[in-house]
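A.B. asks: compute the structure for the input listed below.
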Amino acid sequence: MKKADVILHPIRMRMIQVLINGAKMSTGQIQERIADVPQATLYRHLKKLVDAGVLIVAEEVPIRGTIEKIYALPAQGAELSAEEIQSASVEDHFSLFVKFAAHLIGEYGAYLDQPNFDLYKDGVSFRQISLNLSDDENLELLSAIKQLLLSAMNNEQNEERRTRLFSVIDFPQEARK
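C.D. replies: All right, here's what the predicted structure looks like:
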């Protein structure tokens, strides 16, 4: 299974998101964050992520005669390499994008399924804007967005904070004829 296919699975994407800020967690801690995923399913997906090199076993802690594994993302673990991106076919890229978009749709549907959602109060938004940028200006903008996101990713979850899904899609738009 290709690394991208391993990553772009709805349950595995949620598992990666739990660990994306440098956190190290046991299976039980991951299960607490995504409690709707059955334990057997969680173990099966953890194995796939570890086998693909997307997650690593960062520590093994002895607890009452057993070994508890602590999982983490390795550097660049949940990202595709330049080689993986370049070697993918047009069909592969489109398939990956469809999986990504389907995941977003599923997450938004789960939000709307909540009994007391309030789009305005919750600050929900989705927008599409066209920008006229050189390649250098685009890289500068993406770098600034990345820095803001990295800063926010270090926030600990507490009573005032809740997890928010923030997605960025950027590609050049060719002139239409």
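
A.B. asks: for residue 166, see how far away residue 59 is.
C.D. replies: Residue 59 sits at a distance of 29 Å from residue 166 (criterion: CB to CB, to the nearest Å). Backbone N, C-alpha and C define where each C-beta goes, glycine included.

A.B. asks: show me what the longest helix seen in the chain is in contact with.
C.D. replies: Determined from DSSP state H, the single longest helix within the chain is helix 90-112. Residues outside helix 90-112 that contact it (CB atoms under 8 Å, 6 or more residues apart in numbering): 2, 4, 8-10, 13, 88, 117, 124, 165, 167.

A.B. asks: redo that, cut-off 7 Å
C.D. replies: Applying CB atoms under 7 Å, 6 or more residues apart in numbering, the external contacts of helix 90-112 come out as 4, 8, 10, 13, 117, 165, 167.

A.B. asks: reformat these as a markdown table; add neighbour count.
C.D. replies: Shown next, in a markdown table, are these (neighbours: other CB atoms under 10 Å):
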| residue | neighbour count |
| --- | --- |
| 4 | 18 |
| 8 | 19 |
| 10 | 15 |
| 13 | 18 |
| 117 | 11 |
| 165 | 13 |
| 167 | 10 |
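
A.B. asks: ok, residue 59 and residue 166, which is more surrounded?
C.D. replies: Counted by other CB atoms under 10 Å, residue 59 and residue 166 do not tie: residue 59 has more neighbours, with 13 against 9.

A.B. asks: in the sheet, who's paired with the more buried one?
C.D. replies: Residue 59 forms beta bridges with residue 70, as assigned by DSSP bridges.

A.B. asks: where along this protein do the helices fall?
C.D. replies: 3-7, 10-19, 27-33, 39-51, 82-87, 90-112, 119-122, 135-153.

A.B. asks: can you list the ones you listed in TSV and add distance to residue 174 and mean pLDDT?
C.D. replies: Formatted as TSV, these follow (distance: least, CB to CB, whole Å; pLDDT from 0 to 100):
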stretch	distance to residue 174	mean pLDDT
helix 3-7	24	82
helix 10-19	29	88
helix 27-33	40	92
helix 39-51	36	94
helix 82-87	19	84
helix 90-112	14	83
helix 119-122	33	93
helix 135-153	15	93
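
A.B. asks: pick the most deeply packed of the ones you listed.
C.D. replies: For these, the largest average neighbour count (mean count of other CB atoms under 10 Å) is found in helix 10-19, namely a mean of 19.

A.B. asks: centre of the chain to that helix, how far?
C.D. replies: 6 Å (CA atoms, centre = their mean, to the nearest Å).

A.B. asks: also stretch 60-73?
C.D. replies: On the basis of CA atoms, centre = their mean, stretch 60-73 sits 24 Å off its chain's mean C-alpha point.
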